[in-house]
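1. sequence first, then the predicted structure, then my questions.
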Amino acid sequence: MSPSTCRWGILATGWISNKFVLDLLVHPSTRDVSDVAHVVGAVASRSEESAASFIERTWKEAGVTEGKDAVKRYGSYQQLYDDPNIDCIYVGTPHSHHYQNVHDALSAGKNVLCEKSLVVNAAQAQALIDLAREKNLFFMEAVWTRFQPYAYKLQEIVRSGVIGELRGVQAGLCADFSSRSEEHRLLNPYLAGGALLDLGPYPWTQLALLLLPPSEASKTPLPVPKVSASVIKTTQGVDKSVVAGLAFTQPDGGLVHGTLTTALDRQTSHNRCVYIQGTKGYIEVAFPTYRPRAFTVHAWDSSEAYADPDQFDQPTKQETFTFEPRPGGIWGFAWEADEVARCLRDGKKESDRMPLRETLLMMQVFDEIRRQGEFVYPEELETLELASA
Ligand SMILES: NC(=O)C1=CN([C@@H]2O[C@H](COP(=O)(O)OP(=O)(O)OC[C@H]3O[C@@H](n4cnc5c(N)ncnc54)[C@H](OP(=O)(O)O)[C@@H]3O)[C@@H](O)[C@H]2O)C=CC1
Ligand SMILES: O=C1OC[C@@H](O)[C@H](O)[C@H]1O
């Protein structure tokens, strides 16, 4: 059977759009996928020149010539919203602009995959989710880590009970961006900079994969974990360092702790970006948090054996699972693109693997972290008002 092909429209020509398109240009068979395929139908930028040079540069980098001349190049985002030959728009602008861009795309009747963080706050997330549902369109936050083989394997191993009952998860993503200019989107409050919105979705994802009920597309809201957070800001006024303790309610009514650490002024340990604590052992995940290379399970037969200092060096099971993060040369975004193509093929309006209620929950938790850290963005970024309204 021939694969179902998703025709993508790329909105913005920055760093991530380049990487996403490079992945779309790699043949899916290189990652053992045959049921879906991708074509880039159009690239839109605020300037046509930039759209044209993006296409030249990216296709050259991919070593692909086929299909390049058929790609439409638009000098405004509106032209992309109006293109009838696009199945899904990929939004690759800074977080500050997602609310407006996604609203415009959905309003024009387009399905949307939007980069993380979906928006600036939970009210904006809810408004876009409501709009997507009202318009009966597909909508997903582009959290690529969820779709990597690593994530499925980690959940399988933890759920197998090999480390006993889950008692806690520590997850972090810190990267030293302190030398970037003040204008850079990571540090600029007017582009919704800061560690939490940029890097925070990754440690959050690791916690969510293990401490939330199995992902499911459902309109029933998830309980918001209790949050205890500390935020240190930069002189420009964005969050430089965040440490948050989160208490997640489990199906039996009990609570399990997760800790989320993210910062722009230091690096996360290369050997352990996620640490998973069970009653009979632990798991260490190797950096980077957004695309882990490996994880190692250390497990004992019983909690008594695990607690015995004389047996610390003698786990009953010690196994490292490694992952090929870049089959076919992809960066790792292709797996989320495959998910979108499958959802569109099957008429789904959201992904069970990255459901909208989990995106909303993340924004609710991030709002609470920012409230406790007394950190707000400029009014024009926090608002539900739209430029076109
Ligand atoms: N999933 C992942 O691994 C990654 C995700 N991201 C996410 O992607 C998004 C973009 O990040 P990144 O690609 O690094 O950012 P860049 O600054 O490299 O690109 C952003 C693009 O957005 C467009 N844009 C529209 N309005 C503005 C504006 N006022 N200021 C700046 N750019 C504007 C521009 O494209 P044009 O001129 O064509 O209109 C620009 O090139 C963020 O949400 C980020 O979180 C980023 C890196 C990795
Ligand atoms: O999504 C991301 O992942 C990798 C980081 O380096 C980057 O800043 C961020 O946007």
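-> Yep, it's here. Ligands and ions are numbered 1, 2, ... in the order given.

2. who touches the residue nearest the centre of the chain in this structure?
-> By CA atoms, centre = their mean, the chain has its centre lying nearest to residue 143, at 2.1 Å. For residue 143, the contact set (CB atoms under 8 Å, 6 or more residues apart in numbering) comprises 116, 201, 205, 336, 354, 359. C-beta: built from backbone N, CA, C; applies to glycine.

3. between those, which is closest to ligand 1?
-> Set against ligand 1, the nearest of the contacts of residue 143 by CB to the nearest ligand atom is residue 116 (5.4 Å).

4. would you put the C-alpha positions of the lengthiest helix in the chain in PDB?
-> Determined from DSSP state H, the single longest helix within the chain is helix 356-372. Output in PDB follows, covering the C-alpha atoms of helix 356-372 (Å, rounded to 0.1, in the frame of the first residue of the first chain):
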ATOM      1  CA  LEU A 356      -3.600  18.600  24.400                       C
ATOM      2  CA  ARG A 357      -4.600  18.100  28.000                       C
ATOM      3  CA  GLU A 358      -1.000  17.300  28.900                       C
ATOM      4  CA  THR A 359       0.200  20.400  27.100                       C
ATOM      5  CA  LEU A 360      -2.400  22.400  29.000                       C
ATOM      6  CA  LEU A 361      -1.200  20.800  32.300                       C
ATOM      7  CA  MET A 362       2.400  21.800  31.500                       C
ATOM      8  CA  MET A 363       1.400  25.400  31.000                       C
ATOM      9  CA  GLN A 364      -0.600  25.400  34.200                       C
ATOM     10  CA  VAL A 365       2.400  24.100  36.100                       C
ATOM     11  CA  PHE A 366       4.700  26.600  34.400                       C
ATOM     12  CA  ASP A 367       2.200  29.400  35.300                       C
ATOM     13  CA  GLU A 368       2.400  28.300  39.000                       C
ATOM     14  CA  ILE A 369       6.200  28.200  38.900                       C
ATOM     15  CA  ARG A 370       6.300  31.700  37.500                       C
ATOM     16  CA  ARG A 371       3.700  32.900  40.000                       C
ATOM     17  CA  GLN A 372       5.800  31.600  42.900                       C
END
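
5. excluding its backbone neighbours, what's nearest the residue of the stretch 51-200 of the chain found nearest ligand 2?
-> The minimum distance from the stretch 51-200 of the chain to ligand 2, using CB to the nearest ligand atom, falls at residue 198 (4.8 Å). Counting by CB to CB, 6 or more residues apart in numbering, residue 198 lies nearest to residue 186, which is 5.8 Å off, once chain neighbours are set aside.

6. what of residue 213?
-> Nearest to residue 213 is residue 251, by CB to CB, 6+ apart, at 6.4 Å.

7. that neighbour in helix, strand or coil?
-> The three-state assignment at residue 251 reads coil, by DSSP: H, G, I helix; E, B strand; the rest coil.

8. and it, how many neighbours does it have?
-> Counted with other CB atoms under 10 Å, the neighbours of residue 251 add up to 6.

9. any idea how far residue 212 is from it?
-> Separation of residue 251 from residue 212 (CB to CB, to the nearest Å): 10 Å.

10. in what helix or strand does residue 245 lie?
-> Taking DSSP states H and E as the definition, residue 245 sits inside strand 239-249.

11. how about that strand, which residues are buried there?
-> By 16 or more other CB atoms under 10 Å, the buried positions in strand 239-249 come out as 239-244, 246, 248-249.

12. surely residue 98 touches residue 121?
-> No - contact criterion CB atoms under 8 Å: residue 98 and residue 121 do not qualify, at 11.3 Å.

13. quick one on the thing from earlier: how near is the residue nearest to the centre of the chain to residue 353?
-> Residue 143 is 9 Å from residue 353, by CB to CB.

14. also residue 215?
-> 6 Å.

15. residue 210 too?
-> 15 Å.

16. what of residue 4?
-> 17 Å.

17. cool, and residue 217?
-> In terms of CB to CB, residue 217 sits 9 Å off from residue 353.

18. how about residue 59?
-> Distance from residue 59 to residue 353, by CB to CB: 30 Å.

19. and what of residue 108?
-> 26 Å.

20. same check on residue 243?
-> Applying CB to CB, the value for residue 243 to residue 353 is 28 Å.

21. also residue 328?
-> Taking CB to CB, one finds residue 328 at 21 Å from residue 353.

22. which residue ranges form the strands in the stretch 151-300 of the chain?
-> Secondary structure of the stretch 151-300 of the chain (DSSP state E, counting those that start in this stretch): strands at 166-174, 226-233, 239-249, 255-263, 274-278, 281-285, 294-299.

23. give me the sheet partners of the first one and which way each runs.
-> Partner strands for strand 166-174, per DSSP bridges, with pairing direction: strand 255-263 (parallel), strand 274-278 (antiparallel).

24. in CSV: those strands, plus mean pLDDT.
-> Below are these laid out as CSV (pLDDT from 0 to 100):
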stretch, mean pLDDT
strand 255-263, 98
strand 274-278, 98
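
25. for residue 289, give me its contacts.
-> With CB under 8 Å, 6+ apart, residue 289 has these contacts: 145, 171-173, 199, 202-203, 206, 268, 273-274.

26. smallest gap between the stretch 201-350 of the chain and ligand 2, at which residue?
-> residue 290 (4.7 Å).

27. residue numbers of the stretch 51-200 of the chain in contact with ligand 2?
-> Residues of the stretch 51-200 of the chain lying close to ligand 2 by CB under 6 Å from any ligand atom are 175, 198.

28. residue 4 and residue 353: who's more crowded?
-> residue 353 (21 against 14).

29. so who does the more buried one touch?
-> 146-147, 215, 339.

30. who does residue 40 bridge with?
-> residue 8.

31. hmm, it is touching residue 6, no?
-> No - using CB under 8 Å, residue 40 is not in contact with residue 6; the gap is 9.8 Å.

32. reformat the strands paired with strand 166-174 as JSON lines; add mean neighbour count and distance to residue 128.
-> Listed next are the strands paired with strand 166-174 as JSON lines, based on neighbours: other CB atoms under 10 Å; distance: least, CB to CB, whole Å:
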{"stretch": "strand 255-263", "mean neighbour count": "21", "distance to residue 128": "23"}
{"stretch": "strand 274-278", "mean neighbour count": "22", "distance to residue 128": "29"}
